[in-house]
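[1] for reference, the sequence and a predicted model appear below.
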Number of protein chains: 2
Amino acid sequence: MLEPFYCPTSVAVIGASRDETKLGHAVVKNLLECGYQGRIYPINLKDDEILGLQAYASVLTVPGDIELTVVVVPDRFVATVLEECGQKGVRGVVVITAGFREVGGEGLKKEKELVDIVRRYDMRMLGPNCLGVIDTICPLNASFARGMPQQGEIAMMSQSGALLMAIHDWALGEGVGFSRFVSLGNKADIDETDLLQLWDDDPHTKVIVAYLEGIADGPEFMKIAEHVGRETPIIAIKAGTSDAGARAVSSHTGTLAGSERAYDAAFKQAGITRADSVEELFQYAHAFSEATPIKGDRIAVVSNAGGAAIMATDALDRAHLQLATFQRETIELLQRQLPPGSNALNPVDVRGDSDAEMYRFALDAVLRDGNVDGVIAILIPQAVTKVDETAHAIIEVVRQHDKPVLSSFMGKNLADVGVEILRDADIPNYSYPEPAVDAMRAMVERWRWLEKPPRTMKRFDVDRKKVEQAFAAVRDDGRVKVGDAEARQIMEAYGFTIPQSELARDPDEAVAIAEKIGYPVVMKVTSPDILHKTDIGGVKLNIMSASDVRDAFDLLMYRAYRYMPQAEVWGALVQEMVPQGKEVIIGVNRDPQFGPLLLLGLGGIYVEILKDASFRIAPVARWEAEEMIGELRSAPLLHGIRGEKPSDLGAIVDCVLRVSQLAVDFPEIVELDINPLMVHEEGKGAVALDMRLILS
Amino acid sequence: MLEPFYCPTSVAVIGASRDETKLGHAVVKNLLECGYQGRIYPINLKDDEILGLQAYASVLTVPGDIELTVVVVPDRFVATVLEECGQKGVRGVVVITAGFREVGGEGLKKEKELVDIVRRYDMRMLGPNCLGVIDTICPLNASFARGMPQQGEIAMMSQSGALLMAIHDWALGEGVGFSRFVSLGNKADIDETDLLQLWDDDPHTKVIVAYLEGIADGPEFMKIAEHVGRETPIIAIKAGTSDAGARAVSSHTGTLAGSERAYDAAFKQAGITRADSVEELFQYAHAFSEATPIKGDRIAVVSNAGGAAIMATDALDRAHLQLATFQRETIELLQRQLPPGSNALNPVDVRGDSDAEMYRFALDAVLRDGNVDGVIAILIPQAVTKVDETAHAIIEVVRQHDKPVLSSFMGKNLADVGVEILRDADIPNYSYPEPAVDAMRAMVERWRWLEKPPRTMKRFDVDRKKVEQAFAAVRDDGRVKVGDAEARQIMEAYGFTIPQSELARDPDEAVAIAEKIGYPVVMKVTSPDILHKTDIGGVKLNIMSASDVRDAFDLLMYRAYRYMPQAEVWGALVQEMVPQGKEVIIGVNRDPQFGPLLLLGLGGIYVEILKDASFRIAPVARWEAEEMIGELRSAPLLHGIRGEKPSDLGAIVDCVLRVSQLAVDFPEIVELDINPLMVHEEGKGAVALDMRLILS
């Protein structure tokens, strides 16, 4: 379906121009100069010939077939031109012209019109408001960016044309190779998910990099990314993560920026490597496209300079990677062979006066070690260093092993000869040890993701109908907040353990219920208008007798009406007093791009004051719920400190999964909070004491 | 005293050689080729002439005076050669020769010998085991690193010769300017503090950068850095921060690596900007040496590309800088003048089709805004962008304002022309927006440090003699642990509020004391051999009656003997039961390089499980103690959450200052913990319930 954008048999440029200052000229020129083998048709009302090619007044007057068109006419003509493309049987259109959704109002309407035309004729459209597409394999340069990057195995998509332009310019200057370059523009039709799918089995692409400001369909994107990413690493910048940045995003391309938490969780779950800058994006891309994938997190450092070795070791520590502990044979071998003053332990320092042979020997010994999963190889050109020979030695050794080696030849004048040799041999080289370590960390994180079990979702047997009825009742009432009694029904229906309780409409009924449950009891004011009961003193704990029940009832009624005189108050809930345990919060917030975002944290101050919480997009697998617990800084409290018994983690996981299922089953849930979930000792379960629910 | 290392009138190279592969050849050649104007004397036993210069057999046979010598003879001859230098009246020696402290054992002894000679003759020595010294101002290249960097305003010192070599090579390749380049080597005589002092009033140096693996005298270094840093920014890498890295440091140069926490606190207190990599070091150095110092933290972004503006905004958010809110006039001005589709709010997007005039206009408008303290100026070369003109426009505008502008011209082929123009005009430019933002953050942190009040230390009126006596008693006993009763004396002497209490040797005495204090009381086993009393059940709380006092006494004795049958048990301390408050920990650990490292945190899980603590090197000023509270993640608990009254922060600060004074007054204190300090509501003070003290 998207193949016309790879290597079409023919391309028409609608809006081609003889004027060298026009984009319509640049596009034709790029097509001519890039080595494109297909036919090129300039389309133009005035001229018969452009850059030596015969020009036509319309695609309809072109004699042959047209597979792809590039549109650079003013915005008011784009719709007409697309109609003609449809009539002509064109399969793909690249709309470079701007002035659509990104300008708002009328532009949005005009963009919808384009989409209608494209759908009607079963065409696919890139843009509008894009830079075009460059394919080094075909080769094809259907863009207004001058020059063709080298062939390489990185496919790049970008929602910002200018940023793509900067990367294109940098790729030309630095000789970095790419397979495809696609400017997404406004993503009216083709979006990031389409391209992921297109590049899935692309034999020319070993790594996909993306600059994104928003994602059209979060769940679909996650699904496809998870699938594609198994074979082809995906590295992405999500710009607009800050509140301030998000504001800039919406004024820039009109994309609704998803919340940072949701993106972070989604990328982690889908195995997307996240980069915070263009620099990181390519540092990671080089490692992923050139180095052998890593299969562990135990890293060795080989260096001809102690200072640089220490800095690499510090960076490994910051990246939470392990400094590999060598096997005894490796240490003995190194100690025997290395010159005096060297360090045979990790980080290995072969000293500045070692030659290429010695470097090769040390690197080889370290790579042979079964305790080493990957190596950072550092070289600083010193008095006797043979930079070129050392580079060749590294290449030879790397080819004999099945482990990644990321190198860092430091300096410039003297180092560059080595850097070029390494680049030609596809050894990722970094100007400093720190980015090499960062890239290694990205590789390790990918390995960890690949090692995780499949994200299979177990469904609990629940009473979905009951919840549907409860929600219907809420809607019928014209409410969005779910009341206490309804919340209890919903929790019961989805299998949460809840305390025994019953609603009392007057003091007598309250006493009767309390006697049935047995003392002590808890009483809570019950009103659809009062969500934060504790804030108004609407909860009384540890009530021990009938007379206390009567007092509490009256007190709660008084406080409810004082807080909101017109409140609808149903009475007081009389509840079993659940023994103290660890208070846990499980919450859901519906993210506009990814759907239900799950939150897990400890109650009290931990989530609220210390911001200690873990997030995932629902649905989650059991092992993901377990991971969530492990991510909490306060997790040791659940594991039991100072002789305390561990809490029932299984019960927490169970509740997370039930909440996940509930949130997925009912997209109308906008907010949900179980707070607190009272978690008891291992094997003794957890009781959901209160649930807050808001529907859309 | 150190001036000979700047620009000596004459230099002798001891160990000069005609053999081109020898360092002794490289040094003479560098001296000849660097443009050095003084006299050069090669010293060599075999040859009469080296590289066209008359050679001598010894410094003693040189006819004229020698101010500086560079020593490259084998290690066993160095001492003899230094003796001769001393006799000759040489003032400074650079010992390049290695084989001293860094190889351990015998090497350490040989190094001490060198220091003795140097001291005896009142010379100063750089090294041994160093690369030499390069001075672009003199000019002088008394090192074996080939080539002279451009003149510039950055002075660099490095404890790793190889790293200096890489930076030297990179400086030559990239055309980065330096004033001085000093390789510290083993720092047997001249160390980092000497160089800071030397560079204090250096008219050629605007910023000092350092690569350090350890610091010889922490408190002295802090004092000098704090003084020098007021005028000249200091940026430093401290390598060996990780445990693993620290191991590498000690095998590398034999420096005892100070603990990471202590370095972090010391650098923060002394206003040293810390860099984690060589890359960061120079990103900051450019900003500090070239841009106008910033005077606030409100940053504006001007860009010709929306995507890059968003990335800069995200980076500002990560760096905790403020995205400036423009004044209304600025917004209106920009809205009037910028082309349609631009963004007149911060970040300003002038759009890709703007010319240099429009860019100049926007940058000028933003710099005029009183709400803006600094600007990140981004340019991506696009279809119509005039890169050179825009660079010139930026330079002009920057010169008209007194605020820092850090630029980021992105790309390579097209961008480089602008980058060069900016570099020639001393506008710091960065390849991507993120490092520009990082450099801006470093500038803001320096501004914040300069704005802080002076670190004046108030001394409390205390009974120092009493503590001396208590410590003497401990020492006389052959103990290092201070017992409970002694600790009480010490706390009293230093003005801490402690609970009423008295030691009881038998149950009767315990009852008598309890009746005097009044119930409830607390009882604690008292033994110099038992430090962690709670762990053995050695503390009983809330004792309400005489019979309970008797029971508790016997129980505590039983438990003490069960725990350690041979323990010396003095009895039980009967103590006033202090009302519950917020539990705070104040601690001291003596750092081998910086001395007393203060810790402040909340008791219970906060320090222990959540690692939430703040650190400073003692002594601290009052405002620093206040800052420590503010740095705690758990600080909101002290400020009072959910209607709680705030805790007595003044009392906490007071205790921190008293602990600081105690730790400074008695360097024999190795460890000290007040845990818990029971802090009551504002105005109600804090009571030190327990203190643990260990002497050296």
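    Looks like it arrived, so ask away.

[2] what about the helix or strand encompassing residue A:551, average pLDDT?
    Using DSSP states H and E, residue A:551 maps to helix A:546-563. For helix A:546-563, the mean pLDDT works out to 92.

[3] what do you get for stretch A:656-670?
    Averaged across stretch A:656-670, pLDDT comes to 95.

[4] what's that stretch in contact with?
    A:457-460, A:462, A:464, A:467, A:471, A:480, A:490, A:494-496, A:586, A:588-590, A:595-596, A:598, A:600, A:618-620, A:622, A:625, A:628, A:672, A:674, A:693-696 (CB atoms under 8 Å, 6 or more residues apart in numbering or on different chains). C-beta here means a position set from N, CA and C on the backbone, and glycine is covered the same way.

[5] inside helices: which ones of these?
    If you go by DSSP state H, those have A:464, A:467, A:471, A:490, A:622, A:625, A:628 in helices.

[6] and the second one, how many neighbours?
    Here the number of neighbours of residue A:467 (other CB atoms under 10 Å in any protein chain shown) works out to 21.

[7] which one among the ones in helices among the contacts of stretch A:656-670 gets closest to residue A:418?
    Closest approach between the ones in helices among the contacts of stretch A:656-670 and residue A:418, by CB to CB: residue A:628, at 45.4 Å.

[8] who does residue A:348 bridge with?
    residue A:302 (DSSP bridges).

[9] Three-state assignment for the closest residue to residue A:121 other than its chain neighbours, please.
    Leaving aside its sequence neighbours, residue A:121 sits nearest to residue A:86 (CB to CB, 6 or more residues apart in numbering or on different chains; 3.0 Å). Three-state call for residue A:86 (DSSP: H, G, I helix; E, B strand; the rest coil): helix.

[10] near chain B, which residues of the stretch 251-400 of chain A are found?
    Residues of the stretch 251-400 of chain A lying close to chain B (CB under 8 Å from any CB of the partner chain) are A:251-253, A:276-279, A:304-311, A:313-318, A:323, A:340-341, A:343, A:345-347, A:349, A:352, A:380-384.

[11] ok, the residue nearest to residue A:68 when sequence neighbours are not counted - contacts?
    Among residues not flanking residue A:68 along the chain, residue A:8 sits closest, at 3.9 Å (CB to CB, 6+ apart). Contact partners of residue A:8, counting by CB under 8 Å, 6+ apart, are A:38, A:67-68, A:91-92, A:140.

[12] what does residue A:165 give?
    Contacts for residue A:165 were tallied using CB under 8 Å, 6+ apart; they are A:131, A:145, B:305, B:380-382, B:411.

[13] tell me which of the residues you listed is nearest to residue B:553?
    Among those, residue B:305 lies closest to residue B:553 (CB to CB), at 78.3 Å.

[14] which of the contacts of stretch A:656-670 count as buried?
    Among these, those classed as buried by 16 or more other CB atoms under 10 Å in any protein chain shown are A:462, A:467, A:471, A:490, A:494-496, A:586, A:588-590, A:595-596, A:598, A:600, A:618-620, A:622, A:625, A:628, A:672, A:674, A:693-695.

[15] quick check, the residue nearest to residue A:68 in a strand?
    No: the assignment for residue A:8, made by three-state DSSP, is coil rather than a strand.

[16] quick check on the residue of the stretch 251-400 of chain A found nearest chain B: phi, psi?
    Nearest to chain B, among the residues of the stretch 251-400 of chain A, is residue A:307, at 2.6 Å (CB to the nearest CB). When read as degrees, to the nearest 10, the backbone of residue A:307 gives phi -60, psi -50.

[17] how is chain A partitioned into domains?
    As assigned by automatic domain parsing, chain A contains the domains A:1-145, A:149-240+A:259-290, A:293-451, A:453-497+A:579-696, A:500-577.

[18] on that earlier part again, least confident pick among the contacts of residue A:165?
    Where pLDDT dips furthest among the contacts of residue A:165: residue B:382, at 85.

[19] my read: it touches residue B:354, true?
    No: counting by CB atoms under 8 Å, residue B:382 does not reach residue B:354; the two are 9.4 Å apart.

[20] what residues are shared contacts of the two?
    Here residue B:382 and residue B:354 share the contacting residues residue B:304, scored by CB under 8 Å, 6+ apart.

[21] neighbours of residue A:569, just the number please.
    Residue A:569 has 19 neighbours, counted by other CB under 10 Å.

[22] thinking again about what came up before, tell me which of the contacts of residue A:8 fall in strands.
    With DSSP state E as the criterion, strands contain A:68, A:92, A:140 from among the contacts of residue A:8.

[23] list the contacts for the last one?
    The contact partners of residue A:140, taken as CB under 8 Å, 6+ apart, are A:6-8, A:11, A:31, A:34, A:36, A:38, A:133-134.

[24] from those, which would you call buried?
    For those, a burial check counting by 16+ other CB under 10 Å picks out A:6-8, A:11, A:31, A:34, A:36, A:133-134.

[25] could you identify the most distant pair in those?
    A:6 and A:31, at 14.8 Å, using CB to CB across the buried ones among the contacts of residue A:140.

[26] could I get the contacts of residue A:165 as TSV with secondary structure, distance to residue A:524 and neighbour count?
    Below are these laid out as TSV (DSSP: H, G, I helix; E, B strand; the rest coil; distance: CB to CB, whole Å; neighbours: other CB atoms under 10 Å in any protein chain shown):
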residue	secondary structure	distance to residue A:524	neighbour count
A:131	coil	60	30
A:145	coil	64	24
B:305	coil	55	28
B:380	coil	59	27
B:381	coil	65	27
B:382	coil	62	23
B:411	coil	63	27
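
[27] any chance of those residues in JSON lines, with distance to residue A:511 too?
    As requested, the contacts of residue A:165 are arranged in JSON lines below (distance: CB to CB, whole Å):
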{"residue": "A:131", "distance to residue A:511": "75"}
{"residue": "A:145", "distance to residue A:511": "80"}
{"residue": "B:305", "distance to residue A:511": "71"}
{"residue": "B:380", "distance to residue A:511": "75"}
{"residue": "B:381", "distance to residue A:511": "81"}
{"residue": "B:382", "distance to residue A:511": "78"}
{"residue": "B:411", "distance to residue A:511": "79"}
